[in-house]
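*Asks:* next one to model:
(one chain, ligands or ions: 1)
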Amino acid sequence: MSTIRVAIDGPSGAGKSTLARAAAAGLGFLYVDTGAIYRTVGLYACESGIDPGAEAALSAALPGLRVELQYDEAGQQRMLLNGRDVSEAIRRPEISRCASVVSALPAVRGYLLETQRELARKNSVVMDGRDIGTVVLPDAEVKVFLTASAEVRARRRCRELEERGTPQPFEEVLRDIEARDWKDTHRAAAPLRQARDAVLLDTSTMSFSESRQALLRIIQERMGA
Ligand code: DC
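*Replies:* This is a model prediction of the structure:
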């Protein structure tokens, strides 16, 4: 039986991972967070003292790396780097910066392509990232470009940071989001853009539950088409 592929792309802070995970749970599909894969390579570069932007040094190291995805009993994706669970370590802010640098390197993107495609060959997936509908799974049955205005994403992020006890000024968070948007959309290798056949879902004026319903409706309509 062939698998069904749902590709969800969009800028950081649009709520992709939470919404994609909820959609995958509702459909009984595997949720694949591809950002976590880039973060794992970013962590490797940081820990091993390789400049994350040094393409030659990093591509020489890649074949010796074991970057694996595992799913725990609760269905949560875990990332393993050479057998070590790095799922928490990859969320550190300095690793976000390393991940952003390594993800701009064509050698890294090319190397990770097959890992992502293989997951979608073996399982029906909801896969989120920046280039899933454009590069990784260009024939995906369902493609969604999930976004929200930079101000709304910054407001949501501020709320999250406050809840975690690490508040940051709104202006700073907004600047950071705008800088990341610029980097993601202007890089030469697989820049963030909406695939021609992707449905645009802008959640700027929607609550989480409205966004989830809208996403599920798009997926159901496309799958039924
Ligand atoms: O979604 P995230 O913040 O966990 O992603 C981490 C970094 O990886 C971010 O800088 C964007 C990049 N990324 C990418 O280039 N392509 C993907 N498919 C997923 C993430």
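*Asks:* so where is this protein shaky, pLDDT-wise?
*Replies:* Applying pLDDT under 70 to the chain flags residues 1, 225.
*Asks:* what ranges do the strands span in it?
*Replies:* With DSSP state E as the criterion, the chain has strands at 5-9, 30-33, 67-71, 77-81, 84-85, 125-129, 142-147, 199-202.
*Asks:* of all those, which one comes closest to the ligand?
*Replies:* Of all the strands of the chain, it is strand 125-129 that lies closest to the ligand, at 2.4 Å by CB to the nearest ligand atom. In this view, the C-beta of every residue, glycine as well, is placed from N, C-alpha and C.
*Asks:* just checking, what packs against that closest one?
*Replies:* Contacts defined by 3 or more CB pairs under 8 Å, 6 or more residues apart in numbering; DSSP states H and E place strand 125-129 against strand 5-9, helix 16-27, strand 30-33, helix 34-48, helix 106-122.
*Asks:* got the strands of the chain as CSV, with distance to residue 91 columns?
*Replies:* Rendered in CSV, the data for the strands of the chain read as follows (distance: least, CB to CB, whole Å):
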stretch, distance to residue 91
strand 5-9, 20
strand 30-33, 11
strand 67-71, 16
strand 77-81, 10
strand 84-85, 13
strand 125-129, 16
strand 142-147, 20
strand 199-202, 25
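*Asks:* before we move on, the earlier item: for the helices and strands packed on strand 125-129, which one sits closest to the ligand?
*Replies:* That would be helix 34-48 among those, by CB to the nearest ligand atom, at 2.4 Å.
*Asks:* which one of the helices and strands packed on strand 125-129 lies closest to residue 84?
*Replies:* Closest approach to residue 84 among the helices and strands packed on strand 125-129 (CB to CB): helix 34-48, 9.9 Å.
*Asks:* could you export the strands of the chain as JSON lines, including distance to the ligand and mean neighbour count?
*Replies:* Below are the strands of the chain laid out as JSON lines (distance: least, CB to the nearest ligand atom, whole Å; neighbours: other CB atoms under 10 Å):
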{"stretch": "strand 5-9", "distance to the ligand": "8", "mean neighbour count": "29"}
{"stretch": "strand 30-33", "distance to the ligand": "7", "mean neighbour count": "22"}
{"stretch": "strand 67-71", "distance to the ligand": "13", "mean neighbour count": "15"}
{"stretch": "strand 77-81", "distance to the ligand": "11", "mean neighbour count": "17"}
{"stretch": "strand 84-85", "distance to the ligand": "17", "mean neighbour count": "12"}
{"stretch": "strand 125-129", "distance to the ligand": "2", "mean neighbour count": "27"}
{"stretch": "strand 142-147", "distance to the ligand": "12", "mean neighbour count": "24"}
{"stretch": "strand 199-202", "distance to the ligand": "17", "mean neighbour count": "16"}
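*Asks:* that older thread, need the winner for burial among the helices and strands packed on strand 125-129.
*Replies:* Comparing the helices and strands packed on strand 125-129 by mean neighbour count (mean count of other CB atoms under 10 Å), strand 5-9 ranks first with a mean of 29.
*Asks:* got the angle for that strand vs helix 106-122?
*Replies:* 140 degrees (axes from the mean of the first three to the mean of the last three CA atoms, to 10 degrees).
*Asks:* so what does strand 5-9 touch, helix or strand wise?
*Replies:* Contacts defined by 3+ CB pairs under 8 Å, 6+ apart place strand 5-9 against helix 16-27, strand 125-129, strand 142-147.
*Asks:* how about JSON lines for these, with distance to residue 34 added?
*Replies:* Converted to JSON lines, the helices and strands packed on strand 5-9 look like this (distance: least, CB to CB, whole Å):
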{"stretch": "helix 16-27", "distance to residue 34": "10"}
{"stretch": "strand 125-129", "distance to residue 34": "4"}
{"stretch": "strand 142-147", "distance to residue 34": "14"}
